[in-house]
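Novice: Here is a sequence together with a model predicted from it:
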Amino acid sequence: MSGDIAFEPNVQRTISVDVRYTLFIIDKFAGAGHLVEEMTLVKTPKEVKPAGKKKKKKKSKKA
């Protein structure tokens with residue numbers, strides 16, 4: 001694969017897909033739920049929040 005050496009925009013493309021959607025398609029539409037059952041899926045703990053903008057706390061104005 002030449003992509004290991006140089007990027008060729010005429011032949012190389014990148015597609016980003018959420019793996020949850022991919023698993024859903026494999027299970028429901030491809031009828032291959034047995035493949036999903038064979039996989040070891042790891043869930044993120046609820047304490048871990050996705051990275052992103054943090055909301056600033058609003059200071060309450062007291063009179």
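Specialist: Sure thing, it's come through.
Novice: measure Glu37 to Arg20 for me?
Specialist: According to CB to CB, to the nearest Å, Glu37 and Arg20 sit 16 Å apart. Glycine gets a C-beta too; all of them are placed from N, C-alpha and C.
Novice: Ok, Lys43 next?
Specialist: 11 Å.
Novice: Have a look at these two and say which one is more surrounded.
Specialist: Taking neighbours as other CB atoms under 10 Å, Lys43 and Arg20 compare with Arg20 leading, 9 against 5.
Novice: Would you indicate which residues of whichever strand or helix holds that one are buried?
Specialist: Assessed by DSSP states H and E, Arg20 sits inside helix 19-24. Counting neighbours by 16 or more other CB atoms under 10 Å, one finds that helix 19-24 has no buried residues.
Novice: Output that helix as CSV - backbone C-alpha positions only.
Specialist: Provided in CSV are the C-alpha atoms of helix 19-24 (Å, rounded to 0.1, in the frame of the first residue of the first chain):
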residue,chain,number,x,y,z
VAL,A,19,-18.4,1.9,16.1
ARG,A,20,-21.8,1.7,17.8
TYR,A,21,-23.5,2.3,14.5
THR,A,22,-21.3,-0.2,12.8
LEU,A,23,-22.3,-2.9,15.4
PHE,A,24,-26.0,-2.0,15.0
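Novice: which residues sit against that helix?
Specialist: Helix 19-24 is contacted from outside by Val36, Met39, Leu41, using CB atoms under 8 Å, 6 or more residues apart in numbering.
Novice: Quick check: helices, which of those residues are part of them?
Specialist: With DSSP state H as the criterion, helices contain Val36 from among those.
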